[in-house]
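Asks: below: sequence and its predicted model.
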Amino acid sequence: MSKEPVAVVGIGQTKHVAARRDVSIAGLVREAAQRALADAELTWADIDAVVIGKAPDFFEGVMMPELYLADALGAVGKPMLRVHTAGSVGGSTALVAANLVAARVHGTVLTLAFEKQSESNAMWGLSLPIPFQQPLLAGAGGFFAPHVRAYMRRSGAPDTVGSLVAYKDRRNALKNPYAHLHEHDITLEKVQASPMLWDPIRYSETCPSSDGACAMVLTDRAGAARAPRPPAWMLGGAMRSEPTLFAGKDAVSPQAGKDCAADVYRQAGVTDPRRDIDAVEMYVPFSWYEPMWLENLGFADEGEGWKLTEAGVTELDGDLPVNMSGGVLSTNPIGASGMIRFAEAALQVRGQAGEHQVERARTVLGHAYGGGSQFFSMWLVGASAPQS
Amino acid sequence: MTREESSGVRDVAVVAFAQTDVLRTTDELSEVEMLMPVLHSVLDRTGLKTADIGFTCSGSSDYLAGRAFSFTLALDGVGAWPPIAESHVEMDGAWALYEAWTKLLTGDADTALVYAYGKSSPGSVRDVLTRQLDPYYVAPLWPDSVALAALQARALIDAGDTDEPALAAIGARSRRVATLNSRAQLRGSVPQGEYVVRPLRTGDCPPVGDGAAAVILAAGERARELCSRPAWIRGIDHRIEAHALGVRDLTDSPSTRLAAQKAGVFERPVDTAELHAPFSSQEVVLRKALRLDDSVRVNLSGGPLAANPMMAAGLVRIGEAAARIHRGESDRALAHATSGPCLQQNLVAVLEGEPR
């Protein structure tokens, strides 16, 4: 039994902004989908199935919006699946689509993830009180700040590391025409002087609220052979979940994240991620998650991740660039953010990342997480087709 | 030589099924508490533990739960430790089963746990479902699910495909056979009742209820180890139609017909069908699209007119069909699930038991 190799042959994004008042939800997703089709030089008729993802339906106030979006995404008469795995959903959606190709159920699949946060209020959507259930404590920052504090205490990292990440990602975003935040006058001092929101997380170390969509066309070996531009090949992909609330959980470096990365590396034959992987698009909604995930993903030993950040290793011209696109810190249409990580990883190995392209990026990791650091999805893509 | 070795395609089967009683209200239970006995029950049937399962996938809806990320706490009930390979669809559990089936086909897993749950009782499900309509042009008018189904029923009657007595007979039959299903919500002779929205009466509409269901899938030899008569998934496919009712022929279901064709339904007759037709009129549409004649036993469980737990009702159809094969009461069964207004999205599976 062998799996069909999966190739990314088309990528499309919208220009991410705070509010796309000029388009409906359908208009937004169609824009990204059409760009992905144009990149692949395919038409709607070439698509066998559509896999769509987004974070909670309450964020737009539409229940199961895929029903309404079937027409806009050319899905009429086709299979359409809707994935929802919290913040990791964009990555999970791509993996579900990839499985359709890998299982040889379909030859060419359109996958798309979106969020149009301006239609409603995400903070409200996360704060609905329900009896007997733990709320997310007035938005995500309040939930994650204590875990950041725990990381700082455990690793001994100086409190300047978070601002270095934010300063880097916002500068990277200036090179990415699709990024939401383009802060041309950004300085490290400005990041450090921004208001404290959830100690130790400052305003400029948090992600924005964005409207946006990201789409990819995934296809099999035959589809890749017909592709007009170099495909990105999936070398490994995995999802892992663990409980939100239990005494044994390590919220700083969750076991599910470690296991997920290990599965991806095993599939791809990666034995030393620091050596074998050229760059990472990592889900960093709060700046401190860069050093935390560097450790969780095996790029640094426990307690050492912040040293890579501090030494400039994760800069665009560093030895292991992280979030070349500007990352979630610069663009956060929540449901799409994971897929943007996966798509940006694919852009890099296709050599199509424009001004934020990393030289000789041959093997790049896309990473997403969600919930209370309990859902993880990742893929590793390469410029060459997988062996065997 | 097994089929798997000869064709390179894996055979996947439903090897266990469990469901809750479907109840009008479950005020005293959280969703996790409703779900946990079902998870234990389905695992007990195979002797598997959570850690033995290769892939887990669930279906549910935040809008029914009234809370974002509602499925995250259900995962705590699964006991996802050590961490598990897991995913979730914001759809009926039948589509979670489809995702799990593709995962097993890739060879990444040999077994899968699929579950789904929904509590409709805390709110007005008729109002809640209006929120899944086009948010700019239709949802602001709040046309509810019964009103939309009534439009479809009216179109069928106008086309001469059915009449009110025939619809009443479907409701009566469903609830009569449900007497044999201890899990069903409405059982025995239930009056057809008053009009809810003409031409649909109470008896043409599904009861509002809470419930959960779970299924275990296994591939190849693993399925034979776990079940004496596995319900092999010979084909499964799903298709969606346009959302706007104005561009659809409500008397037909081309998406069901296409899914059935892709799933291989028409290659040989089925003896049993479990149809997710929440309204009596929709059974008329589905019977036509699926070419089911009177030789096929339809909804022996009582179907959705006897119990329609939102988000789980489609998975229950697959589970009920599979359970009949497990028990030797069917050799080739069809299971169907639907989503969206007036049968917009439809999934069809063909299940077979090996010759006895």
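Replies: Looks like it came in fine.
Asks: where does the prediction get shaky in the chain?
Replies: Went with chain A since none was named. Along chain A, segments meeting pLDDT under 70 span A:1, A:128-139, A:388.
Asks: if you could check chain B rather than the one you did, that'd help
Replies: B:1-8.
Asks: where along it do the strands fall?
Replies: B:12-19, B:55-59, B:86-89, B:111-119, B:195-197, B:200-201, B:210-219, B:231-240, B:272-274, B:297-298, B:332-339, B:345-352 (DSSP state E).
Asks: of all these, which one is nearest residue B:130?
Replies: When these are compared by C-beta to C-beta, strand B:195-197 sits nearest residue B:130, at 13.5 Å. Every C-beta, even on glycine, is put in place using the N, C-alpha and C of the backbone.
Asks: and the closest one, which strands flank it?
Replies: The sheet places strand B:195-197 alongside strand B:200-201 (antiparallel), with pairing taken from DSSP bridges.
Asks: confirm that residue A:380 sits in a strand.
Replies: Yes - checked against DSSP: H, G, I helix; E, B strand; the rest coil, residue A:380 lies within a strand.
Asks: rewinding a little: need the strands of chain B in a markdown table with mean neighbour count and distance to residue B:26, can you?
Replies: A markdown table is the format used below for those (neighbours: other C-beta atoms under 10 Å in any protein chain shown; distance: least, C-beta to C-beta, whole Å):
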| stretch | mean neighbour count | distance to residue B:26 |
| --- | --- | --- |
| strand B:12-19 | 26 | 14 |
| strand B:55-59 | 27 | 18 |
| strand B:86-89 | 27 | 21 |
| strand B:111-119 | 28 | 6 |
| strand B:195-197 | 17 | 23 |
| strand B:200-201 | 22 | 26 |
| strand B:210-219 | 29 | 4 |
| strand B:231-240 | 24 | 29 |
| strand B:272-274 | 25 | 24 |
| strand B:297-298 | 19 | 28 |
| strand B:332-339 | 27 | 22 |
| strand B:345-352 | 28 | 26 |
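Asks: spell out which parts of the stretch 201-350 of chain B neighbour chain A.
Replies: Residues of the stretch 201-350 of chain B lying close to chain A (C-beta under 8 Å from any C-beta of the partner chain) are B:237-244, B:254-255, B:258, B:339-341, B:344-345.
Asks: looking at those residues, which two lie furthest apart in space?
Replies: Spanning the widest gap among these are B:237 and B:244, at 23.4 Å by C-beta to C-beta.
Asks: biggest helix in chain B, by residue count?
Replies: If you go by DSSP state H, chain B has its longest helix at helix B:31-46.
Asks: can you tell me if that one touches chain A.
Replies: No - Helix B:31-46 lies out of reach of chain A by C-beta under 8 Å from any C-beta, never closer than 8.8 Å.
Asks: list the contacts of that helix.
Replies: The contact list for helix B:31-46, computed with C-beta atoms under 8 Å, 6 or more residues apart in numbering or on different chains, reads B:15-20, B:26, B:49-50, B:60, B:65, B:70, B:73-74, B:76-78, B:113, B:115, B:117, B:119, B:210-216, B:218, B:226-227.
Asks: which parts of the stretch 51-200 of chain B are helices?
Replies: B:62-65, B:71-78, B:93-105, B:125-130, B:145-158, B:164-177 (DSSP state H, counting those that start in this stretch).
Asks: ok, the residue in the stretch 251-356 of chain B that chain A sits nearest to - how many residues close by?
Replies: Nearest residue of the stretch 251-356 of chain B to chain A: residue B:340, at 4.3 Å (C-beta to the nearest C-beta). Residue B:340: 22 surrounding residues under other C-beta atoms under 10 Å in any protein chain shown.
Asks: how many neighbouring residues does the nearest residue to residue B:222 once chain neighbours are set aside have?
Replies: What sits nearest to residue B:222 in space, not counting adjacent residues and going by C-beta to C-beta, 6 or more residues apart in numbering or on different chains, is residue B:110, at 4.7 Å. By other C-beta under 10 Å, 20 other residues sit near residue B:110.
Asks: ok, now which ones touch residue B:110?
Replies: Residue B:110 touches B:54, B:104, B:218, B:219, B:220, B:222, counting by C-beta under 8 Å, 6+ apart.
Asks: before we move on, what about residue B:217?
Replies: Residue B:217 makes contact with B:12, B:13, B:14, B:15, B:97, B:100, B:101, B:104, B:111, B:112, B:114, B:233, according to C-beta under 8 Å, 6+ apart.
Asks: again, only using 7 Å
Replies: By C-beta atoms under 7 Å, 6 or more residues apart in numbering or on different chains, the contact set of residue B:217 is B:12, B:13, B:14, B:15, B:100, B:101, B:104, B:111, B:112, B:114.
Asks: and the gap between it and residue B:120?
Replies: Distance, residue B:217 to residue B:120, by C-beta to C-beta, to the nearest Å: 27 Å.
Asks: and what of residue A:262?
Replies: Noted for residue A:262: a distance of 41 Å to residue B:120, by C-beta to C-beta.
Asks: give me the more crowded residue out of those two.
Replies: Under the criterion of other C-beta under 10 Å, the comparison of residue A:262 against residue B:120 puts residue B:120 first, with 26 against 16.
Asks: just checking, that one touches residue B:207?
Replies: No - applying C-beta atoms under 7 Å, one finds residue B:120 not in contact with residue B:207, separated by 9.4 Å.
Asks: okay, and residue A:106 sits in which element?
Replies: Assigned by DSSP states H and E, residue A:106 falls within no helix or strand.
Asks: need the contact list for the closest residue to residue B:164 other than its chain neighbours.
Replies: Residue nearest to residue B:164 in three dimensions, not counting chain neighbours: residue B:199, with 5.6 Å by C-beta to C-beta, 6+ apart. Applying C-beta under 7 Å, 6+ apart, one finds that residue B:199 lies in contact with B:150, B:153, B:154, B:157, B:164.
Asks: mind doing that once more with 6 Å?
Replies: Under the criterion of C-beta atoms under 6 Å, 6 or more residues apart in numbering or on different chains, the neighbours of residue B:199 are B:153, B:154, B:164.
Asks: for chain A, what are the nearby residues on the stretch 1-150 of chain B?
Replies: B:30, B:62-63, B:67-69, B:72-73, B:75-76, B:80-81, B:83-91, B:99, B:102-103, B:105-107, B:131-132, B:134-136 (C-beta under 6 Å from any C-beta of the partner chain).
Asks: just the buried members of these?
Replies: Neighbour-count burial within the residues of the stretch 1-150 of chain B next to chain A applies to B:30, B:62-63, B:67-69, B:72-73, B:75-76, B:80-81, B:83-91, B:99, B:102-103, B:105-107, B:131-132, B:134-135; the criterion is 16 or more other C-beta atoms under 10 Å in any protein chain shown.
Asks: please identify the most buried of the helices of the stretch 51-200 of chain B.
Replies: For the helices of the stretch 51-200 of chain B, the largest average neighbour count (mean count of other C-beta atoms under 10 Å in any protein chain shown) is found in helix B:93-105, namely a mean of 27.
Asks: now do the phi/psi pair for residue 269.
Replies: Unless you meant another one, I'm taking chain A. As for residue A:269, its main-chain torsions (degrees, to the nearest 10) stand at phi 70, psi 20.
Asks: oops, chain B please
Replies: Per-residue torsions, residue B:269: phi -70, psi 150 (degrees, to the nearest 10).
Asks: what's the burial count for it?
Replies: So residue B:269, with other C-beta under 10 Å, has 13 neighbours.
Asks: for residue B:255, same thing?
Replies: Using other C-beta under 10 Å, residue B:255 is surrounded by 29 other residues.
Asks: quick check: nearest residue in space to it, chain neighbours excluded?
Replies: In space, residue B:255 is closest to residue B:239, 3.9 Å off (C-beta to C-beta, 6+ apart).
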